[in-house]
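predicted model follows, preceded by the sequence.
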Amino acid sequence: MTILVIAEHDNSHLNPNTLNTLSAATKIGTEISLLVAGNNTDSVVAEAQSIGVVSKVLVSNNPALADGLARNGQLLLVAILHEPISINSRLLIRKRASIQGWPCGSGIDSEATMNFSAQQLIRPHIEKYALENINEAWDQMITNKARFRVVIDMTGSQ
């Protein structure tokens with residue numbers, strides 16, 4: 001499995017949190033790519049290339065990313081950070097950038113949702129098609145005429 005890590009840096013050096021993330025990534029993946037995004041990040045790229053666990057360093061060197069976010073960019077937080085983050089409000093306003101949190105949950109949350117649905121007899125709305133009608137199902141999806149999730153019944157019965 002390939003893992004992509006987005007480098008946190010100050011345009012000069014990698015943040016120690018990135019090194020911690022890379023260390024953790026070695027435990028779950030065989031190939032690790034590191035994305036360095038910013039402006040004038042040559043020293044960060046050189047540092048990243050010297051790290052033995054990184055298979056590939058991807059570089060997005062763009063003046064629009066000099067201050068972290070591009071114009072109309074959005075920082076999406078999907079995990080709780082253990083340290084406060086500092087925000088330059090002038091840059092947020094000038095670039096019309098935003099920050100948003102997204103509680104994506106965990107496997108335990110998904111399991112709890114499925115258990116609740118089963119206990120309450122909540123069933124999904126589906127459009128079920130027999131295998132021999134797969135072309136009709138495809139047409140419904142591709143023309144945006146399907147009202148619900150299209151499911152192909154592999155047993156052949158509708």
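Here it is on my side, so go on. Numbering: from 1, shown residues only.

which helices and strands sit right next to the longest strand belonging to the chain?
Longest strand of the chain, by residue count under DSSP state E: strand 31-38. Helices and strands touching strand 31-38, by 3 or more CB pairs under 8 Å, 6 or more residues apart in numbering; DSSP states H and E, are strand 2-6, helix 16-25, helix 42-49, strand 56-61. (Glycine included, C-beta is placed from N, CA and C.)

give me the buried positions along the first one.
Pointing back at strand 2-6 there. Neighbour counts over strand 2-6 (16 or more other CB atoms under 10 Å) mark 3, 5 as buried.

now stretch 49-56
Val54.

now do the same for Gln158: its pLDDT.
If you check Gln158, the pLDDT there is 50.

whoops, Ser86 was the one
Confidence score, pLDDT, at Ser86: 68.

what's the answer for Ala64, then?
So, for Ala64, pLDDT stands at 65.

do the same with the one 3 residues further on
Note on Asp67: pLDDT of 68.

quick check: next helix or strand after the worst-scoring helix or strand of the chain on mean pLDDT?
Lowest by mean pLDDT, DSSP states H and E among the helices and strands of the chain is strand 74-77, with a mean of 77. Using DSSP states H and E, the helix or strand that follows strand 74-77 in sequence is helix 89-95.
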